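A.B. asks: I'd like to go over a predicted model; first the sequence, then the structure.
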Amino acid sequence: MRRPSPENRPAPARRPAPARRPAVGDPADAAVIGSGPNGLAAAVTLARAGLRVTVYEAADDYGGGLRSVPLFEPDVLHDICAAVHPMAVASPFLRAFDLAAHGVRLRTPDLSYAHPLAGGRAALAWRDLAATADGLGPDGPAWTSLMAPLMERSRELVELMLSDFRHPPTGPALPLLLAPRVLRHGTPLAGRQFRGDLAPALLAGVAAHVFGRLPSLPGAGVALLLGHLAHTSGWPVPEGGSASIARALADDLRAHGGSVRTGVRINHLGEVRPARIVLADVGPREFLRIAGPDLPPRYARALAALRYGPGASKTDFLLSERVPWTHPELHRAGTLHLGGPLAEVYAQETRNARAAAGSSGTAGSSGTSGSTSGRRPFVLVADPVAVDPGRGRPGAYPLWAYAHVPHASPDDAAEAIIARIEQHAPGFRDTIVAQRSLPAKELERYNPNYTGGDISAGAMTLRQSVLRPAPRWDPYRTPLPGTYLCSASTPPGPGVHAMPGYLAARSALHHELGIHLPRVP
């Protein structure tokens, strides 16, 4: 029997909600469900506005995608999800929050990211634009022409790309500058702007962060955003691990009278009442689990219809020595993209996106959509020791890597990841002391927001980049009184920039309390 499509699938039947007590402790003015960077940003914003705020986290530790733990050795920390943070230093909210003033030291490498190719060659994105152009040979002038105008208007560009897409923070000049670049690099014209293979590969690697079909307009937008940041504020790594960002936010929340309660999974919104405002840092599937019976059928169907994209299969390594890269500069890069030339990156990403589109990758799905066997997936490697030497010690160096795989794939991609690294670092396998893998399907169990291993919390198609998680003028406000969504499933989408949390809290303060916060600078 065929399953109904998301559009025709009936919404959960309404049923009377049983009376429920608050989850734990004294009632708060506001409750935040989930303690990822967006939930913590929302809580900080509400607390600074004078509300009593309680954050509820189902896991035993807060932070969501900002957790750092000693997986193999007690003195060697591994970032479980996010490790490198170009958005954290550029984000309007985190820039205003001032991570440095809260004790977070972001260490920024001279070499933002690298993309090795066959024959011991590599495309290198240095902080210095001129050095980058010099390494790209005949394509250096074209790279400079592409990036330099964006760099000159970097703050405006970031504010536009990290907005709610309903209230543009800038005039028409920037969109007119950005539009032709997105069209050139987000359509079949992509790559034709260059003569060699280094510059196209350098751009393809950042486009692949969109986890979707390539070339695409969203992929080009992400490539230009992350690509130009490589030459401005850089791609930093937090000293001591990503958890330092979560700690800074949580400490500020407590300093303003709020609290974080871990090990508490909310099963119904009644458990956090009588809080006047509820912000949910959860994806649509989890929100339907918590609030589905109370939601209007049309809104529930819209949430259920959100499509999810390919997944990530992650492997953490403990190494006896640094990665033996063939290219002499790669040991200086905190981030490396391993995917071959542009055509190979685009082909593999498009295969994964087609598999996701053909699967039952909607909310509530548990099916798989493909295998990684016999494929050479795109692999992203983060080497924190390249930027923060204190993260390792002789004989014990952490390395973080994930492969892009089909949605909800149950396969362990560790061997595919090792093979990719071995292409550019022969002997890498011999340096592995220990490893731990999380297939895409397991990643969802670690964090329910990563449906099918989709760490973007919803496929980054053109439509869903703007109209996520449902077509509404205020994407954060739900039909339930005082209840808002603030996860990466809302604009501006994934990344450690905390803007969904801030923008949702701003909306809640405006609609529930008449408090009008200015835009963050």
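C.D. replies: Now that the structure is in, tell me what you want to look at.
A.B. asks: C-alpha only now, for contacts and for neighbours.
C.D. replies: Will do.
A.B. asks: avg pLDDT for stretch 301-317?
C.D. replies: The average pLDDT within stretch 301-317 is 97.
A.B. asks: just the CA coordinates for it, please, in CSV.
C.D. replies: Below are the C-alpha coordinates for stretch 301-317, written out as CSV (Å, rounded to 0.1, in the frame of the first residue of the first chain):
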residue,chain,number,x,y,z
ARG,A,301,0.6,19.5,7.5
ALA,A,302,3.0,22.2,6.5
LEU,A,303,5.5,21.2,9.1
ALA,A,304,5.1,17.5,8.1
ALA,A,305,5.7,18.4,4.5
LEU,A,306,9.2,19.9,5.2
ARG,A,307,11.6,17.9,3.1
TYR,A,308,15.0,16.8,4.5
GLY,A,309,18.3,16.6,2.7
PRO,A,310,21.3,14.2,2.6
GLY,A,311,22.9,13.1,5.8
ALA,A,312,26.3,13.3,7.5
SER,A,313,28.2,10.2,8.6
LYS,A,314,30.7,11.4,11.2
THR,A,315,33.9,9.8,12.4
ASP,A,316,36.2,11.1,15.2
PHE,A,317,39.8,9.9,15.2
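A.B. asks: from the chain's centroid, how far away is that stretch?
C.D. replies: Centre-to-centre, stretch 301-317 and its host chain are 11 Å apart (Cα atoms, centre = their mean, to the nearest Å).
A.B. asks: do stretch 424-440 as well
C.D. replies: From the chain centre to the centre of stretch 424-440 is a distance of 23 Å (Cα atoms, centre = their mean).
A.B. asks: so what touches that stretch?
C.D. replies: 72, 116-118, 120, 311-327, 405, 407-414, 418, 421-422, 452-454 (Cα atoms under 8 Å, 6 or more residues apart in numbering).
A.B. asks: ends of it, how far apart?
C.D. replies: 25 Å (Cα to Cα, to the nearest Å).
A.B. asks: got it, and stretch 338-347?
C.D. replies: End-to-end distance (Cα to Cα), stretch 338-347: 14 Å.
A.B. asks: and the contacts of stretch 424-440, which are buried?
C.D. replies: The neighbour-count test (16 or more other Cα atoms under 10 Å) applied to these identifies 72, 116-117, 311-326, 405, 407-414, 418, 421-422, 452-454 as buried.
A.B. asks: okay, and which of these map to strands?
C.D. replies: Members of those lying in strands (criterion: DSSP state E): 116, 311-319, 405.
A.B. asks: possible to save these as CSV with distance to Ala207?
C.D. replies: Shown next, in CSV, are those (distance: Cα to Cα, whole Å):
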residue, distance to Ala207
Pro116, 16
Gly311, 16
Ala312, 15
Ser313, 18
Lys314, 19
Thr315, 22
Asp316, 23
Phe317, 25
Leu318, 28
Leu319, 29
Val405, 16
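A.B. asks: after the lengthiest helix in the chain, next one along is what?
C.D. replies: As assigned by DSSP state H, the longest helix anywhere in the chain is helix 342-358. Counting by DSSP states H and E, the next helix or strand C-terminal to helix 342-358 is strand 379-382.
A.B. asks: same for that next one, what does it pack against?
C.D. replies: Counting contacts by 3 or more Cα pairs under 8 Å, 6 or more residues apart in numbering; DSSP states H and E, strand 379-382 is packed against strand 333-338, strand 397-405.
A.B. asks: buried set for whichever strand or helix holds Glu156?
C.D. replies: Element membership for Glu156 (DSSP H and E) is helix 154-161. Residues of helix 154-161 classed as buried: 154, 156-161 (neighbour count, 16+ other Cα under 10 Å).
A.B. asks: average pLDDT across it?
C.D. replies: Averaged across helix 154-161, pLDDT comes to 95.
A.B. asks: now stretch 51-65, how far from the chain's geometric center?
C.D. replies: That offset, for stretch 51-65, works out to 18 Å (Cα atoms, centre = their mean).
A.B. asks: contacting residues around it?
C.D. replies: Stretch 51-65 is contacted from outside by 28-37, 39-40, 43, 46-47, 67, 80-82, 243, 246-247, 257-266, 447, using Cα under 8 Å, 6+ apart.
A.B. asks: circling back to that earlier point, quick one: distance of the longest helix of the chain to the chain centre.
C.D. replies: With Cα atoms, centre = their mean, you get 19 Å for helix 342-358.
A.B. asks: quick one, it and strand 333-338 angle?
C.D. replies: 80 degrees (axes from the mean of the first three to the mean of the last three Cα atoms, to 10 degrees).
A.B. asks: what comes up buried for the helix or strand where Thr144 lies?
C.D. replies: Element membership of Thr144, judged by DSSP H and E, is helix 140-152. By neighbour count on 16+ other Cα under 10 Å, the buried set for helix 140-152 is 140, 143-144, 146-148, 150-151.
A.B. asks: kindly report the same for stretch 261-278.
C.D. replies: 261-262, 264-266, 268-278.
A.B. asks: kindly report the same for stretch 73-90.
C.D. replies: Residues 76-90 are the ones in stretch 73-90 that count as buried (16+ other Cα under 10 Å).
A.B. asks: tell me the mean pLDDT over it?
C.D. replies: So the average pLDDT for stretch 73-90 ends up being 96.
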